[in-house]
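> Model the structure of this input:
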Amino acid sequence: MGRLAQLIITAMIVLVIGVSYFWWNTLKWTGEMTSLRPHFDGQCESVEGIIGAEDIVIDREKALAYISSHDRRHREKPGAIWVMPLGEPQSAHKMKIKGYDADLFSPHGVDLWVGEDGVRRLFVIEHGDWSQSRIIIFRIENGVLVFDHAVTDPLIKRPNDVAAAGENAFYTSNDLGVPYGSKGELFEVLLRKQNGNLVYFDGQKTQIAANEIGYANGVALSHDGTKLYLGAIIDQSVRFYDRDLKTGALTLRDEIYLHTGVDNIDVDEDGVLWVAGHPKLLTFSKHAKDGAKRSPSQIIKIDPRDKTIREIYLSLGDPLSGASVGAHAGNMLLMGGVFDPRVLACRLEPASAPSE
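Residues are numbered from 1 along each chain as shown. Modelled structure (predicted):
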């Protein structure tokens, strides 16, 4: 055998070993090699017809949940914001919108701001036709969403979630660094690039508040506004930031690794975090393309005071596949998914109640 042939064979062997290791490592970090044991201490009812309930925010004073809904497998169809009375989940209905006339309404992450005057503002990430995403601020008046204004900015490139920080101020997470629909999306995920960031808009200007994040996703503020929580799918963690109330500047204080693809974060009435996760990321990717391929749903509770972690809900994908949010109030847990046509309204057993 000639020297050239030996070099070619050696190179092929090295390539095969390298590719095999890369794929094995990918299967490992995406959770595909992890066994799951479904469990939940509670009872759920399914509210059908709310397609792609990617995010949910609860107005606990009025016992209402606002739900961002869009059929993301058919992006040409308009989405909607639904309102659900916590006491009567089956009476959920689409909200009317006044003053916003976009050709295509494609809502994603949402958050609620209640002013000192009692006026409620719903912050909505709106992708439109996905050529220019924006943050829409609606006033909620007599059960109607009244358009107030929209915020666009070159720094707001791929907004995923939003956290209201004032009547006109907010944080929003840019999940990846490449444009929507780019071939680089897959490579950025598989290579675990940390090109996501967090942007702060103070009502007048935007600035990058945090960067080097592996698929920045859920973002939420503590009730007093002094802490910010940020979830990252690729990093599989929740970051804890201290927040300057005057400037909005953030200082990373801690990071909790959950070994799951962290999605949206809800902060309940006691300041406890309810985190939705995708424990098998490649399975979730298959589910995104085909609803028949079910993806696990997971809700984790974190008490930020002592960093205790407890898995509250885990399923293999039924009745809800690919849960992206778990919003908690009292003994109720509302769960929505990125693609499924339903919301789960669950009542928790006492053992799953908030930490004292």
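> Okay, buried residues for whichever helix in the chain runs longest please.
For the chain, the longest helix by residue count, based on DSSP state H, is helix 3-29. Going by neighbour count (16 or more other C-beta atoms under 10 Å), the buried part of helix 3-29 is Thr26. To be clear about C-beta, it is placed using only N, CA and C from the backbone, and glycine gets the same treatment.
> Whichever helix or strand comes after that helix pairs with which strands?
Going down the chain from helix 3-29, the next helix or strand is strand 39-40, by DSSP states H and E. Applying DSSP bridges, strand 39-40 is found paired with strand 308-315 (antiparallel).
> Pull out the CA atoms of the helix or strand just after the strand it pairs with and give them to me as PDB.
Next helix or strand after strand 308-315 toward the C-terminus (DSSP H and E): strand 323-329. What follows is strand 323-329, C-alpha atoms only, in PDB (Å, rounded to 0.1, in the frame of the first residue of the first chain):
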ATOM      1  CA  ALA A 323     -44.400  22.800  26.700                       C
ATOM      2  CA  SER A 324     -42.800  26.300  26.500                       C
ATOM      3  CA  VAL A 325     -44.400  27.900  29.500                       C
ATOM      4  CA  GLY A 326     -45.800  27.000  32.900                       C
ATOM      5  CA  ALA A 327     -47.600  30.000  34.600                       C
ATOM      6  CA  HIS A 328     -48.600  29.600  38.200                       C
ATOM      7  CA  ALA A 329     -51.200  31.200  40.400                       C
END
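> The helix or strand where Phe123 lies pairs with which strands, and in what direction?
Here Phe123, judged by DSSP H and E, is contained in strand 120-126. Sheet pairing for strand 120-126, assigned by DSSP bridges, gives strand 107-114 (antiparallel), strand 134-141 (antiparallel).
> Pull the distance from the first one to the chain's centre.
For strand 107-114, the distance between its averaged C-alpha position and the chain's averaged C-alpha position is 12 Å (C-alpha atoms, centre = their mean, to the nearest Å).
> same question, the last one
If you compare the mean C-alpha spot of strand 134-141 with that of the full chain, they lie 19 Å apart, counting by C-alpha atoms, centre = their mean.
> ok so, going back, want to throw the strands paired with strand 120-126 into CSV with mean pLDDT?
Output for the strands paired with strand 120-126, formatted as CSV (pLDDT from 0 to 100):
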stretch, mean pLDDT
strand 107-114, 98
strand 134-141, 97
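> Give me whichever of those is most buried.
Sort the strands paired with strand 120-126 by mean neighbour count, taking mean count of other C-beta atoms under 10 Å, and strand 107-114 sits at the top with a mean of 21.
> now it against strand 323-329, angle please.
20 degrees (axes from the mean of the first three to the mean of the last three C-alpha atoms, to 10 degrees).
> ok, and what's touching strand 107-114?
By C-beta atoms under 8 Å, 6 or more residues apart in numbering, the residues outside strand 107-114 that reach it are 54-59, 61, 66-70, 79-81, 120-127, 159-167, 170, 172-173, 218-220, 264.
> List only buried entries from those.
54-59, 66-70, 79-81, 120-127, 159-165, 167, 170, 172-173, 218-220, 264.
> Sitting in strands, which of the contacts of strand 107-114 do you find?
Mapping these onto strands (DSSP state E) picks out 54-59, 66-69, 80-81, 120-126, 159-164, 170, 172-173, 218-220, 264.
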